[in-house]
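Q: Please work out how this folds:
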Amino acid sequence: QVQLVESGGGLVQPGGSLKLSCAASGNIFSISAMGWYRQAPGKERELVARMTSAGGSTTYATSVKGRFTISRENAKNTWYLQMNSLKPEDTADYYCHAGEIQLFRAGVLQYEYDVYGQGTQVTVSS
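A: Model (predicted):
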């Protein structure tokens, strides 16, 4: 089974920074389309940032452009979200996401799609 585990959330003052990490575990061969989503209370889950593992192409939500940076370490099956200049409206549960995971199960290459982590809470408040 593949599991995504986030870390790095917490309480930070406006203008501060946090770095979230997402580590994928399992007998993984490759991961495509790594990303981060967030969900604030009473709101729908929204895309924050994503990137391809192949070319490194990135996409950001308009609200976080210039403040957040997504990066990855393919060899570790880990990706990150560096969040700077945080605002109270960034307060949400943040979820890492993998669009497609290739893994070996019983010696057979298989796929899992749309895998989410359990979430980590980010609170921006003075």
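Q: Can you give me the end-to-end span of stretch 61-74?
A: For stretch 61-74, the first-to-last residue distance is 23 Å (Cα to Cα, to the nearest Å).
Q: got the CA coordinates for the lengthiest strand in the chain in PDB?
A: Within the chain, and with DSSP state E defining each element, the longest strand by residue count is strand 92-105. The C-alpha coordinates for strand 92-105 follow below in PDB (Å, rounded to 0.1, in the frame of the first residue of the first chain):
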ATOM      1  CA  ALA A  92      -6.400  25.600   6.300                       C
ATOM      2  CA  ASP A  93      -5.700  21.900   6.400                       C
ATOM      3  CA  TYR A  94      -3.100  21.100   3.800                       C
ATOM      4  CA  TYR A  95      -3.000  17.800   1.900                       C
ATOM      5  CA  CYS A  96      -0.300  16.400  -0.300                       C
ATOM      6  CA  HIS A  97      -1.400  14.700  -3.400                       C
ATOM      7  CA  ALA A  98       0.000  12.300  -6.000                       C
ATOM      8  CA  GLY A  99      -1.800  12.100  -9.400                       C
ATOM      9  CA  GLU A 100      -0.300   8.800 -10.400                       C
ATOM     10  CA  ILE A 101       1.900   6.400  -8.500                       C
ATOM     11  CA  GLN A 102       3.600   3.400 -10.100                       C
ATOM     12  CA  LEU A 103       4.400   0.700  -7.600                       C
ATOM     13  CA  PHE A 104       5.400  -2.900  -7.400                       C
ATOM     14  CA  ARG A 105       2.900  -5.200  -5.700                       C
END
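Q: so for the helix or strand following that strand, what's the average pLDDT?
A: Using DSSP states H and E, the helix or strand that directly follows strand 92-105 along the chain is strand 108-116. Per-residue pLDDT over strand 108-116 has a mean of 94.
Q: Give me the contacts around strand 108-116.
A: Defining contact as Cβ atoms under 8 Å, 6 or more residues apart in numbering, one finds that strand 108-116 is touched by 2, 4, 24, 29, 37, 95-104. The way it works is simple: take the backbone N, C-alpha and C, and place the C-beta from them, glycine included.
Q: try it again with 10 Å
A: Strand 108-116 has contacts (Cβ atoms under 10 Å, 6 or more residues apart in numbering) with 1-4, 6, 22, 24, 26-33, 35, 37, 45, 95-105.
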